[in-house]
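[1] Build the 3D model from these lines:
(one chain, ligands or ions: 1)
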Amino acid sequence: MIDTHVHLDDPSFDADREALWLRARAAGVRGALLVSVAPSTWAGTVEVARSLEGVRHALGIHPQVVPDMDDDTIDRALSLLPDELTRSGAIAVGECGLDGPSGDLDRQRKVLCRQLDVARSLSLPISLHVYKAHAMALEVLRAFGPLPAGGAVHSFSGSAEIARDYMRLGLAIAFAGSITRSNARRPLDAARAVPLDAILIETDAPFQPTGADARDRKRGEPADLSEVLSALAGARGVDEQTLAHATTENARRVFAGLAAAQGKNSNG
Ligand SMILES: [Zn+2]
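    Have a look, this model is predicted:
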């Protein structure tokens with residue numbers, strides 16, 4: 001399996017980062033895309049990705065941090081982004097997107113569009129965060145036009161119909177820990193509507209711990225990916241082996257740099 005969206009640089013992992021990645025590897029997670037949140041932590045993201053076998057990274061500006069950043073800081077970060085991506089060997093732009101509850105959506109939209117420009121000019125895929133802002137996100141993506149390297153909508157929380165809209169725009173759909181909850185009706189409906197060749201899995205760890213009632217766990221970790229896989233397999237009525245194989249192939253296709261990381265590792 002490949003965890004296509006995880007925050008391994010999160011401070012909650014500082015004490016046991018290596019041990020928990022080894023635990024994930026032992027649980028069958030062979031690779032991961034480490035997705036950054038804010039420009040102030042880009043350097044740390046890169047450092048963590050380099051220190052863990054099979055892990056590659058993405059750089060971007062998370063929509064939730066946009067309201068707290070002033071225009072100058074954002075401008076400076078966005079103008080550095082292409083060089084930082086290239087120099088650090090990033091394999092994607094992210095995470096970027098729109099987050100309804102965070103507010104300031106006009107600025108979020110501008111920051112997203114600038115990151116789409118970067119993704120297009122460098123031919124990199126995106127890891128897209130959209131929460132309670134699907135109508136606006138779809139409008140932005142349609143107006144922007146095709147992304148040469150596509151990408152994925154991470155931790156998808158919308159309806160089956162919205163999933164189809166994103167797929168028409170060339171994006172894959174990734175499911176996270178929320179599909180393991182006892183009340184996960186809508187994401188499971190969406191998970192059934194996504195064809196096998198467009199579906200990805202992720203943990204978004206440390207956020208979104210898995211489990212029927214996740215309130216008793218503070219922190220998710222990449223080893224939980226097998227729970228996401230089995231919830232998804234159950235919903236779709238396929239065996240876990242088939243789904244693991246398909247989602248791994250998809251991850252290597254959508255985030256091509258992950259395939260290279262796997263090759264490098266299997267050669268020693
Ligand atoms: Zn995330």
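
[2] And for the residue nearest to residue 239 when sequence neighbours are not counted, the neighbour number?
    Distances taken as C-beta to C-beta, 6 or more residues apart in numbering put residue 233 closest to residue 239, at 6.4 Å, once the chain neighbours are dropped. Placement of C-beta: from N, CA and C, glycine included. Residues near residue 233, counting by other C-beta atoms under 10 Å, number 18.

[3] quick check, residue 233 in a helix?
    Yes - Residue 233 sits within a helix when classified using DSSP: H, G, I helix; E, B strand; the rest coil.

[4] show me what contacts it?
    Taking C-beta atoms under 8 Å, 6 or more residues apart in numbering as the definition of contact, the neighbours of residue 233 are 239-240, 242-243.

[5] now do 10 Å
    191, 239-244, 247 (C-beta atoms under 10 Å, 6 or more residues apart in numbering).

[6] likewise residue 257?
    With C-beta under 10 Å, 6+ apart as the criterion, the residues that contact residue 257 are 31, 33, 56-58, 89-92, 124-125.

[7] Could you rerun that using 6 Å?
    The neighbourhood of residue 257, defined by C-beta atoms under 6 Å, 6 or more residues apart in numbering, consists of 56, 91.

[8] swap in residue 55?
    Neighbours of residue 55 in contact, by C-beta under 6 Å, 6+ apart: 32, 34, 49.

[9] Please identify the helix or strand for the first one.
    Residue 32 belongs to strand 31-35 when elements are defined using DSSP states H and E.

[10] Now residue 91. Nearest residue, chain neighbours left out?
    residue 257 (2.6 Å).

[11] can you tell me which helix or strand the one you found belongs to?
    Short version: residue 257 belongs to helix 256-266, going by DSSP H and E.

[12] same thing with residue 242?
    Secondary-structure element containing residue 242, defined by DSSP H and E: helix 240-254.

[13] Understood, closing this out.
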